[in-house]
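Visitor: sequence unavailable; structure follows:
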């Protein structure tokens, strides 16, 4: 990404630069800003970053989302939440691919699950899960209206919506449901 940015700036300057000159600028910037290439994620590590499990396509899509947020003065926190949610889902996906068996507990619904009071309570429960900050309250309101991250079109993809809404509600993303065992009462 840094090489691409340097190449773009070099082209816009009107001067011809050699590949060697551009590579030297990239290396200098990396040292000055302390940019290190992120190592691939290790599913067996006790620590690390979920961002290391993002694919190059994921990273490019999120870079577009960050750029859109910067260019249009939309909330950068939205992109950070989406990136963290996607990274966490990719981590779980990698763990499953490496042989880890995942399961989650889902208590059985009460007998009166079909009553309107029960449905209203379920909706209330969804909003009670997330922290009580104004920002998270606004995210939960957006989620209820099916407008999560509506100010940034790069965050409206099915995958980003799936992992982010699952993260906010402490549930399993739909694309992983078939890979994870549900345990109920």
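Guide: Cool, the structure landed. Only a predicted model underlies this, so the values are computations on that prediction, with no experimental measurement involved.

Visitor: all contacts plus neighbour counts: C-alpha atoms, from now on.
Guide: Fine.

Visitor: pull out the buried positions in whichever strand or helix holds residue 80.
Guide: Per DSSP states H and E, residue 80 falls inside helix 76-97. Residues of helix 76-97 classed as buried: 76, 78-79, 81-96 (neighbour count, 16 or more other C-alpha atoms under 10 Å).

Visitor: can I assume residue 50 is in contact with residue 92?
Guide: No: taking contacts as C-alpha atoms under 8 Å, residue 50 lies outside contact range of residue 92: 9.3 Å.

Visitor: related to what we said a few turns ago, and the helix holding residue 80, what other elements does it pack with?
Guide: Where contact means 3 or more C-alpha pairs under 8 Å, 6 or more residues apart in numbering; DSSP states H and E, helix 76-97 is packed against helix 56-72, helix 158-169.

Visitor: at 10 Å instead, please
Guide: helix 56-72, helix 134-144, helix 158-169 (3 or more C-alpha pairs under 10 Å, 6 or more residues apart in numbering; DSSP states H and E).

Visitor: now these in CSV, with mean pLDDT and mean neighbour count?
Guide: Formatted as CSV, the helices and strands packed on helix 76-97 follow (pLDDT from 0 to 100; neighbours: other C-alpha atoms under 10 Å):
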stretch, mean pLDDT, mean neighbour count
helix 56-72, 90, 16
helix 134-144, 89, 15
helix 158-169, 91, 20
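
Visitor: need those in CSV (columns: distance to residue 17).
Guide: Putting the helices and strands packed on helix 76-97 into CSV (distance: least, C-alpha to C-alpha, whole Å) gives the following:
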stretch, distance to residue 17
helix 56-72, 25
helix 134-144, 46
helix 158-169, 38
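
Visitor: quick one: low-confidence parts of the protein?
Guide: For the chain, the stretches with pLDDT under 70 are 1-15, 26, 28-48, 105-131, 182-185.

Visitor: domains in it, by residue range?
Guide: 1-37, 38-108+124-183 (automatic domain parsing).

Visitor: which one of the helices and strands packed on helix 76-97 lies nearest to residue 25?
Guide: The closest of these to residue 25 is helix 56-72. By C-alpha to C-alpha, the value is 21.2 Å.

Visitor: helices or strands up against the closest one?
Guide: helix 76-97, helix 158-169.

Visitor: with distance to residue 104 added, can I get those helices in CSV?
Guide: Converted to CSV, these look like this (distance: least, C-alpha to C-alpha, whole Å):
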stretch, distance to residue 104
helix 76-97, 13
helix 158-169, 13
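
Visitor: of the ones you listed, which is nearest residue 179?
Guide: helix 76-97 (7.4 Å).

Visitor: tell me the angle the closest one makes with helix 158-169.
Guide: Helix 76-97 runs at 90 degrees relative to helix 158-169, counting by axes from the mean of the first three to the mean of the last three C-alpha atoms, to 10 degrees.

Visitor: might one say that residue 91 is in contact with residue 54?
Guide: Yes: contact criterion C-alpha atoms under 10 Å: residue 91 and residue 54 qualify, at 8.1 Å.
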